[in-house]
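Peer 1: return atomic coordinates for the entry below.
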Amino acid sequence: MTNHIMNKVLKIHLVFLLISLIGIKLVHAQEDKISKKRIIVICAHPDDAEITSGGTSVLLSKLGYELKFVSVTNGNKGYYSGTKDEIAHRRYKEVQEVKKRLRCEYEILDNNDGELEAHLKNRMEIIRLIREWKADIVITHPPYDYHPDHRYTSLLVQDASFLVNVPHVLPHIPALNQSPLFLYTRGRYTNPIRPQPDITIDITSVAKDKAYLIDAHVSQVYEFLPWINKSKVHIPETKEGRLDYILKEYVLKRGTIQAYDREVVQKWYGQQSADVKTIEAFEICEFGRTVDDQDIRELFPMLKN
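Peer 2: Sure thing, here's the model as predicted:
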């Protein structure tokens with residue numbers, strides 16, 4: 001083979017190699033565009049994030065999102081016996097189990113259960129958490145929820161929503177360059193002003209996964225909450241029975257599509273909306289990033305339509 005032919009063959013190989021490398025970089029760029037999204041769910045108690053947003057979190061985790069749950073209180077009053085330290089320790093261990101099951105980060109702040117206040121120190125903590133996580137999406141309780149800790153957590157996140165971008169507030173932690181999308185979960189009560197949510201996420205395919213996350217909070221869902229709510233529902237003894245109980249009581253029942261949800265489900269899922277059986281619903285907090293429908297679809301790629 002002459003040198004001329006060998007040079008031509010070598011050039012062809014180099015061209016194909018270059019094309020392959022470009023293709024690989026483009027694929028990785030697309031993957032990075034999704035996988036670098038970061039979500040933080042800031043709720044009042046250990047178990048609130050899982051109950052309100054567990055299905056959405058599972059779906060986003062499957063897409064490569066980085067997830068962090070935060071409990072703004074330590075949950076140390078959430079039981080009917082034992083000392084506050086014993087209750088807090090048990091709930092801490094339950095959170096460690098959630099971390100294993102979801103493969104997420106989970107931080108518990110040292111505020112006493114039932115005593116949360118929306119003061120400046122706690123506001124700075126919420127700003128720190130959002131900035132350090134470099135969040136694209138922040139989820140919290142609605143401001144009209146039933147529990148005072150839920151309402152004050154919501155207020156703290158609202159108060160942080162603008163300030164996360166202000167450099168001279170908490171200057172030792174770099175301010176965010178872009179506001180995250182701030183969302184309220186569905187609470188126990190309907191928004192009295194505007195009952196219709198902005199976003200509905202189909203969690204039908206991960207309903208059992210959500211139940212498995214909630215199941216980690218044994219002290220709550222099988223013991224304290226049935227007791228405090230005076231529930232007449234029998235708590236099963238077997239693992240399978242308990243998971244079925246959680247699926248029914250905490251996932252399917254709370255994820256029922258209400259009449260005011262149907263238009264929103266149709267908007268986001270179009271012709272596939274008939275297949276949507278169980279949802280998590282979210283309301284946009286206007287204090288954060290302003291988004292249009294395309295922005296929402298980029299942040300939530302599971303939205304089909």
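
Peer 1: please give me every residue in contact with the spatially closest residue to Asp215 that is not a sequence neighbour.
Peer 2: Counting by CB to CB, 6 or more residues apart in numbering, Asp215 lies nearest to Ile246, which is 5.3 Å off, once chain neighbours are set aside. (Each C-beta comes from the backbone N, C-alpha and C, glycine too.) For Ile246, the contacting residues are 211, 214-215, 221, by CB atoms under 8 Å, 6 or more residues apart in numbering.

Peer 1: then Val276?
Peer 2: Counting by CB under 8 Å, 6+ apart, Val276 touches 200, 202, 204, 257, 265, 269.

Peer 1: which member of those is positioned nearest His89?
Peer 2: When the contacts of Val276 are compared for distance to His89 (CB to CB), Thr204 wins out at 35.9 Å.

Peer 1: separation between that closest one and Asp293?
Peer 2: Using CB to CB, to the nearest Å, we find Thr204 at a distance of 22 Å from Asp293.

Peer 1: check Phe287 too.
Peer 2: If you measure Phe287 against Asp293 using CB to CB, the figure is 20 Å.

Peer 1: where does the stretch 101-250 of the chain dip in pLDDT?
Peer 2: Within the stretch 101-250 of the chain, the set of residues satisfying pLDDT under 70 is empty.

Peer 1: where exactly do the strands run in it?
Peer 2: If DSSP state E, counting those that start in this stretch is used as the criterion, the strands of the stretch 101-250 of the chain fall at 105-108, 137-140, 181-185, 199-202.

Peer 1: and the longest one, which strands flank it?
Peer 2: Read that as strand 181-185. With DSSP bridges as the test, strand 181-185 is paired with strand 137-140 (parallel), strand 279-284 (antiparallel).

Peer 1: highest mean neighbour count out of those?
Peer 2: Among the strands paired with strand 181-185, judged by mean count of other CB atoms under 10 Å, the one packed with the most neighbours on average is strand 137-140 (a mean of 27).
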